[in-house]
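Asker: Got a sequence here, can you model it:
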Amino acid sequence: MPRHLKSAPRKTFADTAQKDVAERVGTIIDDIRSNGDDAVRRYAEQFDNWSPESYRLSDEQIDQIMDTLDPQVITDIEFVQTQVRRFAQAQRDSLVDLEVETLPGVFLGQKHVPVQAAGAYIPGGKYPLTASAHMTIITAKVAGVPRVIACTPPIRGEIPAATIAAMKLAGADEIYVLGGVQAVAAMAIGTDTIEPVNLIAGPGNAYVAEAKRQLFGEVGIDLFAGPTEILIVADEHADPFFTAVDLLSQAEHGPESPAVLVTTSQKLGEEVMDWIERLLPNMPTRDYAEPAWRDWGQVIVADDLDEAYRIADDFASEHVQIFTQNPREALTKMHDYGALFLGENTCVSYGDKVIGTNHVLPTLGAARYTGGLWVGKYLRTVTYQEVVNDTSSAELGEVCGRAARVEFFEGHARSGDARAWRHAGTSFDWIDESHAVQATPR
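Answerer: Numbers count the residues shown, from 1 in each chain. Alright, predicted model coming up:
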């Protein structure tokens, strides 16, 4: 049986349901639905003290903003975006259209068709998540989305230059300095100055997440997101310093971000806890990382790696790092996770910032039923059918008639009957008695 060196409660989707947040978000959405740009401006002034002549940046403004950045910032953004684009393109190339002939003259096919407009929300707040521009915009463009608009809030009254550069270099067609519920609602509903989109992607705070939840159905969304999570599976060979550093790297996302260690070594677990206590006092983001570790951190000792993998699967964590002698074993031993990071040379921070896989991932156990954002999220897999053989149409018609009548769908049955009558001369009382059809079977 597993033993807890440090325990904490488990978060669920029910924990994210805050009545006051939901009511406030609903009020804002309704206001924007009724009053459009006027409401957007009121909320931008209220929440961000932000009221430029236009929230959309012109090409000239974007160029001026990018000119203020150190060239190394641009170089690094381009490097990261190359990694993201390369992997997204490989994903897109793996999705092929197909067509099969299932009966003589019966052709069934599928096509992967991009949505026609997507909205990318790039958070600001305490941490401007520049990397989210890469993950949401590049992936959409590689999928073939013709119009991608991107919104990010001002930060303390200033335009976040690096985020704007990332948006532009990623390929955004329209860039707005606009944040919060008002940005999400404007993209979903549309206003006089912002055309609506079909799908919205990107992380955000509780209000942004609630706005996406309430607007889902009217538009598509990437995920229902909660606080960032990390879980590390480690054996006795793992480095306790690396393990502690990586747990804290994700705890700094917010005071409710769970950081969990599942290990087969009690000694390692104790050493990791000691390292965390040594690292936290001098950590610049201690105000978030410390309460996250205190309130949501866990250290669990498993009897063996098989049990450790079972515990990890039960968490279905957003990020799972594997610090074992044979980390690739997790590819077959585990099945419920947002993303795996194999070996001590790999860390979640690489996934968040530089390596090229998408960092928009499922949280709160959602990894049991979905993966993260990827190029396929921006594609609709649609099907088509064509029957060019009369005999096959007649055969399908006879079976359709019988199958539909089992379900008491007489109208459906008659559609099948009509083809069987026309192409095979099959007799049906309802056709013989009806004078609506004057033609004779062919």
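Asker: The stretch 1-150 of the chain: helices as residue ranges?
Answerer: All helices of the stretch 1-150 of the chain, identified by DSSP state H, counting those that start in this stretch, fall at 19-48, 59-67, 71-93, 131-133, 139-143.
Asker: what angle separates the second one from helix 71-93?
Answerer: Put plainly, it is helix 59-67. 120 degrees (axes from the mean of the first three to the mean of the last three Cα atoms, to 10 degrees).
Asker: ok so, going back, now the helices of the stretch 1-150 of the chain as TSV including mean pLDDT and mean neighbour count?
Answerer: C-betas here are computed from N, CA, C, even on glycine. Putting the helices of the stretch 1-150 of the chain into TSV (pLDDT from 0 to 100; neighbours: other Cβ atoms under 10 Å) gives the following:
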stretch	mean pLDDT	mean neighbour count
helix 19-48	96	16
helix 59-67	98	14
helix 71-93	98	16
helix 131-133	95	27
helix 139-143	98	26
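Asker: how about JSON lines for those, with distance to residue 189 added?
Answerer: JSON lines is the format used below for the helices of the stretch 1-150 of the chain (distance: least, Cβ to Cβ, whole Å):
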{"stretch": "helix 19-48", "distance to residue 189": "5"}
{"stretch": "helix 59-67", "distance to residue 189": "25"}
{"stretch": "helix 71-93", "distance to residue 189": "28"}
{"stretch": "helix 131-133", "distance to residue 189": "22"}
{"stretch": "helix 139-143", "distance to residue 189": "20"}
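Asker: Of those, give the one that comes closest to residue 124.
Answerer: helix 19-48 (8.6 Å; Cβ to Cβ).
Asker: quick one: which of the helices of the stretch 1-150 of the chain is nearest residue 372?
Answerer: helix 139-143 (10.3 Å).
Asker: So which elements touch that closest one?
Answerer: If you count contacts as 3 or more Cβ pairs under 8 Å, 6 or more residues apart in numbering; DSSP states H and E, helix 139-143 packs onto helix 71-93.
Asker: Kindly export the helix it packs on (C-alpha atoms) in PDB.
Answerer: Taking only C-alpha atoms (Å, rounded to 0.1, in the frame of the first residue of the first chain), the coordinates of helix 71-93 have been written out as PDB:
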ATOM      1  CA  PRO A  71      17.200  41.300 -31.000                       C
ATOM      2  CA  GLN A  72      18.000  38.300 -28.800                       C
ATOM      3  CA  VAL A  73      14.300  38.200 -27.700                       C
ATOM      4  CA  ILE A  74      13.200  38.000 -31.400                       C
ATOM      5  CA  THR A  75      15.900  35.400 -32.100                       C
ATOM      6  CA  ASP A  76      14.700  33.200 -29.200                       C
ATOM      7  CA  ILE A  77      11.000  33.600 -30.200                       C
ATOM      8  CA  GLU A  78      11.900  32.500 -33.700                       C
ATOM      9  CA  PHE A  79      13.800  29.500 -32.400                       C
ATOM     10  CA  VAL A  80      11.000  28.300 -30.200                       C
ATOM     11  CA  GLN A  81       8.400  28.900 -32.900                       C
ATOM     12  CA  THR A  82      10.400  26.800 -35.400                       C
ATOM     13  CA  GLN A  83      10.200  23.900 -32.900                       C
ATOM     14  CA  VAL A  84       6.500  24.400 -32.400                       C
ATOM     15  CA  ARG A  85       5.800  24.700 -36.200                       C
ATOM     16  CA  ARG A  86       7.900  21.700 -37.000                       C
ATOM     17  CA  PHE A  87       6.000  19.400 -34.600                       C
ATOM     18  CA  ALA A  88       2.600  20.800 -35.600                       C
ATOM     19  CA  GLN A  89       3.400  20.300 -39.300                       C
ATOM     20  CA  ALA A  90       4.400  16.700 -38.500                       C
ATOM     21  CA  GLN A  91       1.000  16.200 -36.800                       C
ATOM     22  CA  ARG A  92      -0.800  17.700 -39.800                       C
ATOM     23  CA  ASP A  93       1.000  15.500 -42.200                       C
END
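Asker: Quick check: end-to-end length of stretch 195-203?
Answerer: 21 Å (Cα to Cα, to the nearest Å).
Asker: what does it rub up against?
Answerer: 115-123, 129, 132, 135-136, 139-140, 147, 149, 184, 187-190, 212, 215, 219-222, 225, 360, 373, 377-378 (Cβ atoms under 8 Å, 6 or more residues apart in numbering).
Asker: From these, list the buried ones, please.
Answerer: 115, 117-123, 129, 132, 135-136, 139-140, 147, 149, 184, 187-190, 212, 215, 219-222, 225, 360, 373, 377-378 (16 or more other Cβ atoms under 10 Å).
Asker: Among these, name the ones in strands.
Answerer: With strands defined by DSSP state E, the entries of these inside them are 117, 118, 119, 120, 121, 147, 149, 220, 221.
Asker: I'd assumed residue 146 was in contact with the second one.
Answerer: No. Proximity of residue 118 to residue 146 does not meet the contact threshold set by Cβ atoms under 8 Å, at 9.4 Å.
Asker: that older thread, out of the helices of the stretch 1-150 of the chain, flag the one nearest residue 206.
Answerer: helix 19-48 (5.4 Å).
Asker: helices or strands up against that closest one?
Answerer: Using 3+ Cβ pairs under 8 Å, 6+ apart, helix 19-48 sits against helix 180-189, helix 206-215.
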